[in-house]
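K.L.:
got a structure for you, letters missing:
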Ligand SMILES: [Zn+2]
């Protein structure tokens, strides 16, 4: 009896799964179904793709992007995607297990690893410590989208990938990208001018998300609150960090929204640095509505922190 019930249940599941797996991909004529691992890549895809793409982001903004759980709804988006766009390196340790759950697709999704074509920072092999966890920036720092100049190669790769899947729209993708780059260039002029008075200023970060951003605008990151990416500090490490911050007269502590508030406040109070709560991703703050808006917000928050507003 039990076996018969189990058999029926399995048969039902198999039929449902077969129907699911052989469902036609969603890109037959309509907008291209694209899955991005982050809201930043989603925002950039929408800049170049406009109405010709329908993009879903796997990692919600404002949450540690390295430790997300892929929900069933997002797995369904992966199942139907024509293209998967990701940050690459060890940024998304949760993606490979999620992809392994996709079976029986007739056409595997195209894959775009945006880290190719980026001049990566912190690639020295001394940082490869896989025993410490999966996301240790072991192949270089993965937070490269926070240098607005990197939006140029990222969107170029997106236009190429989208154009391969929908060649009839390639010219449209190219002209949308050109419009985006005009706004980006205007932004770069604005951001560089706003941060010019603080070139060379020393900052401390919680997680090492900011070397690309800091490099672009001439800020000097002297230490991170996490001794190794993703690892919380010990009391002894904190004590030495705080004395180094006082000695170096660090004025600003950069924290992501998901950093521990008590830890951030403790470091700021004990060191005398001001807290700049920066958004690491589009949507992590209501004001960071799109890519240019994200950098606008972060520059404004930093200027406020440096100037004591
Ligand atoms: Zn990271």
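P.N.:
That came through, no problem. Just so it is clear, the structure is predicted and the values come from calculations on it, not from any experiment.
K.L.:
CA atoms for contacts and neighbours, from now on please.
P.N.:
Noted.
K.L.:
ranges for the strands of this protein?
P.N.:
32-36, 53-57, 83-86, 110-113, 202-205, 220-224, 252-255, 274-277 (DSSP state E).
K.L.:
Highest mean neighbour count out of these?
P.N.:
Of all the strands of the chain, strand 252-255 carries the top mean neighbour count, a mean of 27, counting by mean count of other CA atoms under 10 Å.
K.L.:
Just checking the distance from that strand to the centre of its chain.
P.N.:
Relative to its chain's centre, strand 252-255 lies at 19 Å (CA atoms, centre = their mean, to the nearest Å).
K.L.:
That strand pairs with which strands?
P.N.:
Take DSSP bridges as the rule and strand 252-255 pairs in its sheet with strand 202-205 (parallel), strand 274-277 (parallel).
K.L.:
nearest to residue 35, of these?
P.N.:
Judged by CA to CA, the one of the strands paired with strand 252-255 that comes nearest to residue 35 is strand 274-277, at 28.0 Å.
K.L.:
Show me the helices in the protein, by range?
P.N.:
For the chain, the helices defined by DSSP state H occupy 2-21, 39-49, 72-79, 95-100, 151-165, 170-195, 211-217, 235-247, 261-271, 291-307.
K.L.:
average model confidence for the first one?
P.N.:
With pLDDT averaged residue by residue, helix 2-21 scores 39.
K.L.:
before we move on, what about the shortest one?
P.N.:
Taken as a whole, helix 95-100 carries a mean pLDDT of 87.
K.L.:
Give the other helices and strands that it contacts.
P.N.:
With contacts defined as 3 or more CA pairs under 8 Å, 6 or more residues apart in numbering; DSSP states H and E, helix 95-100 has no helix or strand neighbours.
K.L.:
Let's check: the centremost residue of this protein is which one?
P.N.:
In the chain, the residue lying closest to the centroid (CA atoms, centre = their mean) is residue 38, at 4.8 Å.
K.L.:
quick revisit: just send the strands of the chain back as JSON lines, with distance to residue 121 and mean pLDDT too.
P.N.:
Below are those laid out as JSON lines (distance: least, CA to CA, whole Å; pLDDT from 0 to 100):
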{"stretch": "strand 32-36", "distance to residue 121": "22", "mean pLDDT": "96"}
{"stretch": "strand 53-57", "distance to residue 121": "25", "mean pLDDT": "96"}
{"stretch": "strand 83-86", "distance to residue 121": "18", "mean pLDDT": "97"}
{"stretch": "strand 110-113", "distance to residue 121": "17", "mean pLDDT": "96"}
{"stretch": "strand 202-205", "distance to residue 121": "16", "mean pLDDT": "97"}
{"stretch": "strand 220-224", "distance to residue 121": "13", "mean pLDDT": "95"}
{"stretch": "strand 252-255", "distance to residue 121": "19", "mean pLDDT": "98"}
{"stretch": "strand 274-277", "distance to residue 121": "23", "mean pLDDT": "97"}
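K.L.:
From what I see, residue 88 and residue 113 are in contact.
P.N.:
Yes. With contact defined as CA atoms under 8 Å, residue 88 counts as touching residue 113 (5.3 Å).
K.L.:
Is residue 279 in contact with residue 259, as I believe?
P.N.:
No. Taking contacts as CA under 8 Å, residue 279 lies outside contact range of residue 259: 11.2 Å.
K.L.:
Who has more neighbours out of the two?
P.N.:
residue 279 (25 against 16; other CA atoms under 10 Å).
K.L.:
Spit out the contact partners of the more buried one.
P.N.:
62, 256, 257, 285, 288, 294, 297, 298 (CA atoms under 8 Å, 6 or more residues apart in numbering).
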